[in-house]
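Asks: I need the structure of the sequence given here:
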Amino acid sequence: MRPALPGLADGIVREVLRAVPVYARPGDGAYGRVTRHGVECAVELFVDLVEDPQASRERLFETCRRLGAGEARAGRSLDDLQAAYRVGTRVGWRWIMRLGRRHRLSSAIMAQLAEMLFGYADELARMSSRGHREARAEIEGTRAGLRRRLLRLLTGPGTVPDAVLAELASAAGWPVPREAA
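Replies: The predicted model follows:
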């Protein structure tokens, strides 16, 4: 499996960029690099787990948490990232099927690989969801603090320049109210 990983990673990245348009941003190499890094980590660890089911998942889990957090910080749900995981899993399964035919692996071995792959995809999704939740909580906490500050400025003594109010309101994701009760 290991010698074929670079080709598999290329195929997964190509298919993800084709199937999930939000990640296919021409001229924005950051998305491509992040996608490639995530895919390479995922395929390498999957093969590590085939070899040793007790292999450490921490590096990949941290990558997945960061990917989920990145989606939250970009203001997106996990839908696109989950779609990318599904695409990658399908491409990976087709690759495993070709490998199985070429090496005449038994149906029992193929079933075991399928079980591992789909369970692994669930783990990736779970860790990304955790990162997304953590980042959302952090963002909401920040927004809540900004909203409280904005409300204090609006209800406190004196006047606050409109530009200050507009900046705080924008950062808090809150339109400046005309009145506050």
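Asks: so where's this protein uncertain?
Replies: Scanning the chain with the threshold set as pLDDT under 70 gives 26-28, 177, 180-181.
Asks: Please enumerate the helices of it.
Replies: Assigned by DSSP state H, the helices in the chain fall at 5-19, 29-51, 58-73, 79-102, 107-155, 162-172.
Asks: between the ones you listed, which one is nearest to E179?
Replies: When the helices of the chain are ranked by distance to E179, counting by C-beta to C-beta, first place goes to helix 107-155 at 8.8 Å. Just so you know, the C-beta spots here come from the backbone N, C-alpha and C atoms, and that holds for glycine as well.
Asks: and that closest one, what does it pack onto?
Replies: Helices and strands touching helix 107-155, as assessed by 3 or more C-beta pairs under 8 Å, 6 or more residues apart in numbering; DSSP states H and E, comprise helix 29-51, helix 58-73, helix 79-102, helix 162-172.
Asks: For the helices of the chain, could you give me a markdown table that also reports distance to E179 and mean neighbour count?
Replies: Converted to a markdown table, these look like this (distance: least, C-beta to C-beta, whole Å; neighbours: other C-beta atoms under 10 Å):
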| stretch | distance to E179 | mean neighbour count |
| --- | --- | --- |
| helix 5-19 | 48 | 17 |
| helix 29-51 | 42 | 17 |
| helix 58-73 | 32 | 19 |
| helix 79-102 | 37 | 17 |
| helix 107-155 | 9 | 15 |
| helix 162-172 | 13 | 14 |
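Asks: So which of those helices is nearest R178?
Replies: Smallest distance to R178 across those (C-beta to C-beta): 10.1 Å, for helix 107-155.
Asks: and that closest one with helix 79-102, angle?
Replies: Here helix 107-155 points in a direction 170 degrees away from that of helix 79-102 (axes from the mean of the first three to the mean of the last three C-alpha atoms, to 10 degrees).
Asks: Spit out the contact partners of the nearest residue to L49 once chain neighbours are set aside.
Replies: Distances taken as C-beta to C-beta, 6 or more residues apart in numbering place A55 nearest to L49, at 5.3 Å, with adjacent residues excluded. Listed by C-beta atoms under 8 Å, 6 or more residues apart in numbering, the contact partners of A55 are 45, 48-49.
Asks: From those, pick the one nearest A84.
Replies: The nearest one, if we look at these relative to A84 and count by C-beta to C-beta, is L45, at 16.2 Å.
Asks: just checking, that closest one touches R57?
Replies: Yes: when contacts are counted by C-beta atoms under 8 Å, L45 is listed as touching R57 (6.5 Å).
Asks: one step back: pull up the gap between the residue nearest to L49 and P21, please.
Replies: Taking C-beta to C-beta, to the nearest Å as the measure, A55 and P21 are separated by 33 Å.
Asks: Ok, R66 next?
Replies: R66 sits 21 Å away from P21 when distances are taken as C-beta to C-beta.
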